[in-house]
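In: Okay, sequence plus prediction incoming.
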Amino acid sequence: MTGSVADFSLRDQYSTTRLALYALAAAALAIVVAGFWNFHLVDGFGRDVIAGRTIGDTGTLAGAFGERGLTFGFVFAGVAGLAATFTACNCVVFAMLPGLACSTDGKTGQSSPWFALAAFVGGVAVVSIAYGLYIGSIGSAGVEALNVREVRLAQAQWVFTGIGVVMLVWGLGEMGLFDGVTRRLSGSARTFLASASTKAATIGILVGLFSVGRPFPVFREFLTYAAEAGSPLYGAAVMAIQGIGQILVMVALFALLVWLGGRKLLAWSRSNPAGPRLMSGLALVAGGAFFVFYWGLAFAFDIGRWGFKLGWY
């Protein structure tokens with residue numbers, strides 16, 4: 001596999017010190033954004049503008065399954081997903097764009113962004129369906145227990161901090177800072193891990209897990225509605241719609257990016273493989289740092305919410 005995309009490393013072109021400084025800068029920027037994140041603004045936009053102006057008060061709708069029925073649940077699901085687009089538990093999905101837009105197959109070195117997008121959406125759907133089966137099986141009483149504030153915040157902390165750690169490790173690996181470990185793997189294992197479909201599906205799985213930890217009130221009210229049906233299959237169906245809804249804006253941006261500059265992106269990724277890999281690695285590091293700080297360190301040690309503490313908002 002010598003000379004293949006799977007064996008290519010950024011350390012062939014950049015020093016370890018330089019890569020480490022890039023990673024620290026990306027993480028520092030993400031921490032600043034996380035520290036000043038105004039969740040009242042973004043959560044309010046999703047609740048009052050996206051949901052409020054389309055389906056109405058989701059707090060009231062949560063208990064309206066008997067009146068609205070099964071069909072409305074699909075509408076509720078799509079709106080709940082879309083409303084979560086810019087929340088702190090979903091905005092990091094945009095850190096996945098560089099890796100998808102410049103996706104390169106580890107075996108052939110040929111870029112395949114549309115295939116990568118399909119693998120990404122598939123990963124989101126699989127996790128969403130699995131979680132929907134669980135929600136449908138535990139019913140209203142189980143969801144009510146999950147929606148208790150202390151429970152949902154603890155769930156968010158563990159899930160998003162864990163995802164953040166995975167993103168950090170992955171990003172540093174993309175940048176070649178763990179080459180000493182990855183080069184001990186077999187050639188077939190490195191090729192599999194380097195392939196566009198594997199990376200895209202993994203990103204999709206991580207994004208799908210956002211729903212498992214999401215504390216966003218609109219989403220929790222949607223869970224209450226879905227659980228009223230008492231059906232795992234219905235839970236899986238509406239949760240799949242919610243999963244697609246949460247990535248809809250990102251998918252549209254991805255499609256626009258590839259449509260407008262797809263050929264240039266393909267040519268760039270083939271002639272300069274270091275560029276897309278560095279961009280992807282830095283985006284993953286930034287996204288991971290955001291999650292680890294915002295959902296882990298800031299909650300555990302009360303070192304976030306700087307804008308609120310300074311009285312700016």
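Out: It's in. All of these numbers come straight from a predicted model, not from anything done at the bench.
In: ok, now how distant is the most far-flung residue of the chain relative to its centre from residue 165?
Out: Within the chain, residue 67 marks the point farthest from the mean C-alpha position, 33.5 Å out by C-alpha atoms, centre = their mean. Per C-beta to C-beta, to the nearest Å, residue 67 is found 43 Å from residue 165. In this view, the C-beta of every residue, glycine as well, is placed from N, C-alpha and C.
In: show me where pLDDT drops low in the stretch 201-313 of the chain?
Out: 262, 266 (pLDDT under 70).
In: how about the helices of it, start to end?
Out: 210-213, 217-227, 232-271, 274-291, 298-301, 306-309 (DSSP state H, counting those that start in this stretch).
In: what's the angle from the second one to helix 232-271?
Out: Orientation check (axes from the mean of the first three to the mean of the last three C-alpha atoms, to 10 degrees): helix 217-227 against helix 232-271 gives 130 degrees.
In: picking up where we left off before, what would the helices of the stretch 201-313 of the chain look like in TSV with mean neighbour count?
Out: What follows is the helices of the stretch 201-313 of the chain, written out as TSV (neighbours: other C-beta atoms under 10 Å):
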stretch	mean neighbour count
helix 210-213	23
helix 217-227	25
helix 232-271	18
helix 274-291	24
helix 298-301	14
helix 306-309	14
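In: roughly how far apart are residue 131 and residue 219?
Out: 11 Å.
In: Sorry, wrong one. I was asking about residue 158.
Out: For residue 158, the distance to residue 219 - C-beta to C-beta - is 17 Å.
In: Kindly report the same for residue 263.
Out: Counting by C-beta to C-beta - residue 263 and residue 219 are separated by 38 Å.
In: Of all the residues in stretch 22-36, which ones are buried?
Out: Across stretch 22-36, burial judged by 16 or more other C-beta atoms under 10 Å covers 22-23, 26-27, 30-31, 33-35.
In: What strand or helix carries the residue farthest from the centre of the chain?
Out: Element membership of residue 67 [criterion: DSSP states H and E] is helix 65-83.
In: Show me how far stretch 47-58 is from its chain's centre.
Out: For stretch 47-58, the separation from the chain centroid amounts to 23 Å (computed by C-alpha atoms, centre = their mean, to the nearest Å).
In: Just the endpoints, please. Distance across it?
Out: 8 Å (C-alpha to C-alpha, to the nearest Å).
In: who's in contact with that stretch?
Out: 61, 75-76, 79-80, 82-83, 85, 217-218, 221-222 (C-beta atoms under 8 Å, 6 or more residues apart in numbering).
In: farthest pair in these?
Out: 61 and 85 (19.1 Å; C-beta to C-beta).
In: Of those two, which one has the most company?
Out: residue 61 (24 against 20; other C-beta atoms under 10 Å).
In: And the pLDDT at the more buried one?
Out: With respect to pLDDT, residue 61 scores 97.
In: ok so, going back, from the buried residues of stretch 22-36, pick the one nearest residue 147.
Out: The closest of the buried residues of stretch 22-36, once distances to residue 147 are taken by C-beta to C-beta, is residue 34, at 24.7 Å.
In: Any stretches of the stretch 51-200 of the chain with poor pLDDT?
Out: Using pLDDT under 70, the flagged stretches of the stretch 51-200 of the chain are 96, 98-112.
In: quick one: the helices in it?
Out: All helices of the stretch 51-200 of the chain, identified by DSSP H, counting those that start in this stretch, fall at 58-61, 65-83, 97-101, 113-146, 149-174, 179-182, 187-194, 196-208.
In: mind checking which of those is nearest residue 250?
Out: Residue 250 lies closest to helix 97-101 among those, at 6.6 Å (C-beta to C-beta).
In: can you count the residues close to the residue lying closest to residue 127 once chain neighbours are set aside?
Out: Spatial nearest neighbour of residue 127, excluding adjacent residues (C-beta to C-beta, 6 or more residues apart in numbering): residue 208 at 2.7 Å. By other C-beta under 10 Å, 26 other residues sit near residue 208.
In: Please give me every residue in contact with residue 277.
Out: With C-beta under 8 Å, 6+ apart, residue 277 has these contacts: 8, 10, 174-175.
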